[in-house]
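> fold the following.
(2 chains)
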Number of protein chains: 2
Amino acid sequence: MTDTSLSMEHPPLLYAGLSDPSPENRTIRLLRSHRSIRAYYPTPLPDGTLDAIIAAAQQAPTSSNMQAYSIIAVQDPQRKQELMTLCSGQKFIAQCPLFLVFCADLSRLHYVCARQGYRYRAEHINMLIVACCDAQLACQNAAIAAESMGLGTVMVGDIRRRPREVAALLELPRYVFATVGLCIGYAATDPGIKPRLPRKVILHRETYSAEHLEEGLEEYDRAMIARGIYRKPFPIELVEEGAEERYTLETYGWTEHTARRVAELSHEERKGSFITFLREQGFPCE
Amino acid sequence: MTDTSLSMEHPPLLYAGLSDPSPENRTIRLLRSHRSIRAYYPTPLPDGTLDAIIAAAQQAPTSSNMQAYSIIAVQDPQRKQELMTLCSGQKFIAQCPLFLVFCADLSRLHYVCARQGYRYRAEHINMLIVACCDAQLACQNAAIAAESMGLGTVMVGDIRRRPREVAALLELPRYVFATVGLCIGYAATDPGIKPRLPRKVILHRETYSAEHLEEGLEEYDRAMIARGIYRKPFPIELVEEGAEERYTLETYGWTEHTARRVAELSHEERKGSFITFLREQGFPCE
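Numbering: from 1, shown residues only, chains lettered A, B, ... in the order given. This is a model prediction of the structure:
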């Protein structure tokens, strides 16, 4: 470049032919149109679909290029049925033609370390986070690739509900566990876009601020109630006295729904159980 | 639909006008073209860029719609400089015009629970994973949105290197911590696409299999050496005797590089320290 000042005012763009400087370009509109699909036609996916999805997933960023994740592609009806049972009975797992399981995978790191004659020293919780993050970045790319082809997707965090059984079914070795599932297929329903919290709640400038939180929650509750997103109150075993009467469908929004979720008694059972599994599986949480 | 069999053979596609059934569509080619950019022009981003990136990030999937993350947009030169220092001195953090910090955020869940009069019971490590996952999914959408506009990005996991100092600088309250940073700006260099592990290493059919691992590692090492990706051996304090002689640039590939990374003595210091921070910050690891 001969003229640096010019090149800094109008620097070159990356991804020639694939990018478009407009903030309303097609990719951004696709990302903003995401909805989770919870019913699928059984129609198989066209040839080349899985390859394209995996290629996109693999090019996602990964911490220090460690690629600390694996993807299990499940298409066998019997295995999908069993996974459905292990994931709180969510029917769409059995319905969709392709179920991808994104695993945190430290087994390759252990393997290469032994192979090269070193002692593996990364025995701390940061590696659990690294592997979970790598798996999510790949999963999000896979979802976008599928959606860009007009397919429906939904992520399944309940793959962590019965982690030992999932590990057994998928024959996961030590240092590997399932972090998230991804259903892919032709959408049989379209619930439309679910509104998110107002931007002022999620986005902070320079430093964290809860200044707009209460105002944002009120706006969001109104929006969710107006759209009838929560069609019935989320049941918890223990609601404060009179709560069921206090919250009708007209007043039951995200705030009450989400509060009940984190107040569920069943959380007591999860204390200690997932971390025990993680440790057994070779993921140090120290 | 009157003809179900027809609709199942050719089911309707989602995202009309934004999707394209070709496995080589523009979005997939963009995802497959990702490269991490480590030098930026200081040129500010055009109006509307941040809005578009945040809108895309917010529409990413989120566990049970809990939206357990926050984004801090850092543009102040002094603050970027300080973050650079806290992130192992990676200069591009100070260079890029926009640095986004994606935080795991359980503070809103605690807030709504107290606000609605319930007791927060989700005191287990699964919530750490939920919040980290939500933050990564949003971060990946933000990165893709930026790249779709022709901008460069790089994720910064080193934001977790000095977590207390980062939390202090960004004024993160209890129940919030920084999981990953994202530099966004006009690329001043283009390193090209970094090849990933062969698909047969990452992708498994129906059940996990390490059958192709060794073969895949050998292929990958050859590819990385041919491209000169690792221009000098990764230094570790403790290499086995003769290792420096055994591995020259001609033989030093991903396997040796990655083995040295996980064998670093500095991992010893990280044991116990990050989890102590997480617990102090209100993230139970039980």
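> for the residue in the stretch 51-200 of chain A positioned nearest to chain B, which non-adjacent residue is closest in space?
Closest residue of the stretch 51-200 of chain A to chain B, C-beta to the nearest C-beta: A:Gly150 (2.8 Å). Bear in mind the C-beta positions are built from the backbone N, C-alpha and C, glycine included. Distances taken as C-beta to C-beta, 6 or more residues apart in numbering or on different chains put B:Leu13 closest to A:Gly150, at 2.8 Å, once the chain neighbours are dropped.
> buried ones in stretch A:48-57, by neighbour count?
A:49-50, A:52-57 (16 or more other C-beta atoms under 10 Å in any protein chain shown).
> select from those every entry located in helices.
Within the buried residues of stretch A:48-57, residues falling in helices by DSSP state H are A:49-50, A:52-57.
> okay if I get those as CSV plus distance to chain B?
Shown next, in CSV, are those (distance: C-beta to the nearest C-beta, whole Å):
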residue, distance to chain B
A:Thr49, 6
A:Leu50, 8
A:Ala52, 3
A:Ile53, 8
A:Ile54, 5
A:Ala55, 5
A:Ala56, 4
A:Ala57, 8
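> ok, A:Asp105 touching A:Tyr69?
Yes - the pair A:Asp105 / A:Tyr69 is scored as a contact, 5.2 Å apart, by C-beta atoms under 8 Å.
> quick one: residues in contact with the helix or strand hosting A:Leu109.
Secondary structure assignment for A:Leu109, by DSSP states H and E: helix A:107-115. Outside helix A:107-115, the residues within contact range by C-beta atoms under 8 Å, 6 or more residues apart in numbering or on different chains are A:66-68, A:119-120, A:122, A:173-176, A:282, B:201, B:210, B:213, B:217, B:255-256, B:258-259, B:262-263.
> got a ChimeraX select line for the buried ones in those?
Here is the ChimeraX command that selects the buried residues among those (16+ other C-beta under 10 Å):
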select /A:66,67,68,120,122,173,175,176 /B:201,213,217,255,256,258,259,262,263
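> for the residue nearest to A:Pro163 when sequence neighbours are not counted, what are its contacts?
Closest residue to A:Pro163 apart from its sequence neighbours, by C-beta to C-beta, 6+ apart: A:Phe277 at 4.7 Å. Contacts for A:Phe277 (C-beta under 8 Å, 6+ apart) come out as A:163-164, A:177.
> as CSV, those residues with pLDDT and secondary structure would be great.
Formatted as CSV, the contacts of A:Phe277 follow (pLDDT from 0 to 100; DSSP: H, G, I helix; E, B strand; the rest coil):
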residue, pLDDT, secondary structure
A:Pro163, 97, helix
A:Arg164, 98, helix
A:Phe177, 98, strand
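> which residues of the stretch 51-200 of chain A fall in strands?
In the stretch 51-200 of chain A, the segments counted as strands under DSSP state E, counting those that start in this stretch are A:69-74, A:98-105, A:152-156, A:176-185.
> who's in contact with A:Leu128?
Contacts of A:Leu128 (C-beta under 8 Å, 6+ apart): A:104, A:278, A:283-285.
> rerun at 6 Å
Taking C-beta atoms under 6 Å, 6 or more residues apart in numbering or on different chains as the contact definition, A:Leu128 lies against A:Phe283.
> state the distance from it to A:Ile275.
In this view, A:Leu128 and A:Ile275 are 10 Å apart by C-beta to C-beta, to the nearest Å.
> can you check A:Gln78 too?
In terms of C-beta to C-beta, A:Gln78 sits 31 Å off from A:Ile275.
> more crowded one of the two?
With neighbours defined as other C-beta atoms under 10 Å in any protein chain shown, A:Gln78 and A:Ile275 compare such that A:Ile275 has more, 20 against 8.
> any idea how far B:Ile275 is from the nearest residue to that one once chain neighbours are set aside?
Closest residue in space to A:Ile275, ignoring its immediate chain neighbours: B:Ile125 at 4.7 Å, by C-beta to C-beta, 6+ apart. Distance of B:Ile125 to B:Ile275, computed by C-beta to C-beta: 10 Å.
> shared neighbours, those two?
Common neighbours of B:Ile125 and B:Ile275 (C-beta under 6 Å, 6+ apart) are B:Cys285.
> dump the longest helix seen in chain A to CSV, restricted to CA.
Counting by DSSP H, the longest helix found in chain A is helix A:125-148. Provided in CSV are the C-alpha atoms of helix A:125-148 (Å, rounded to 0.1, in the frame of the first residue of the first chain):
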residue,chain,number,x,y,z
ILE,A,125,-11.2,-26.1,35.6
ASN,A,126,-10.1,-23.7,32.8
MET,A,127,-9.7,-26.7,30.5
LEU,A,128,-13.3,-27.7,31.2
ILE,A,129,-14.3,-24.2,30.1
VAL,A,130,-12.0,-24.4,27.1
ALA,A,131,-13.5,-27.6,25.9
CYS,A,132,-17.1,-26.5,26.5
CYS,A,133,-16.4,-23.3,24.6
ASP,A,134,-14.9,-25.0,21.7
ALA,A,135,-17.9,-27.3,21.4
GLN,A,136,-20.4,-24.4,21.5
LEU,A,137,-18.6,-22.4,18.9
ALA,A,138,-18.6,-25.4,16.6
CYS,A,139,-22.2,-26.1,17.4
GLN,A,140,-23.3,-22.6,16.6
ASN,A,141,-21.5,-22.7,13.2
ALA,A,142,-23.3,-26.0,12.5
ALA,A,143,-26.6,-24.5,13.4
ILE,A,144,-26.1,-21.5,11.1
ALA,A,145,-24.9,-23.7,8.3
ALA,A,146,-28.1,-25.8,8.5
GLU,A,147,-30.3,-22.7,8.8
SER,A,148,-28.6,-21.1,5.8
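> so how far is that helix from its chain's centroid?
Relative to its parent chain, helix A:125-148 has a centroid offset of 8 Å by C-alpha atoms, centre = their mean, to the nearest Å.
> give me the angle between it and strand A:176-185.
10 degrees (axes from the mean of the first three to the mean of the last three C-alpha atoms, to 10 degrees).
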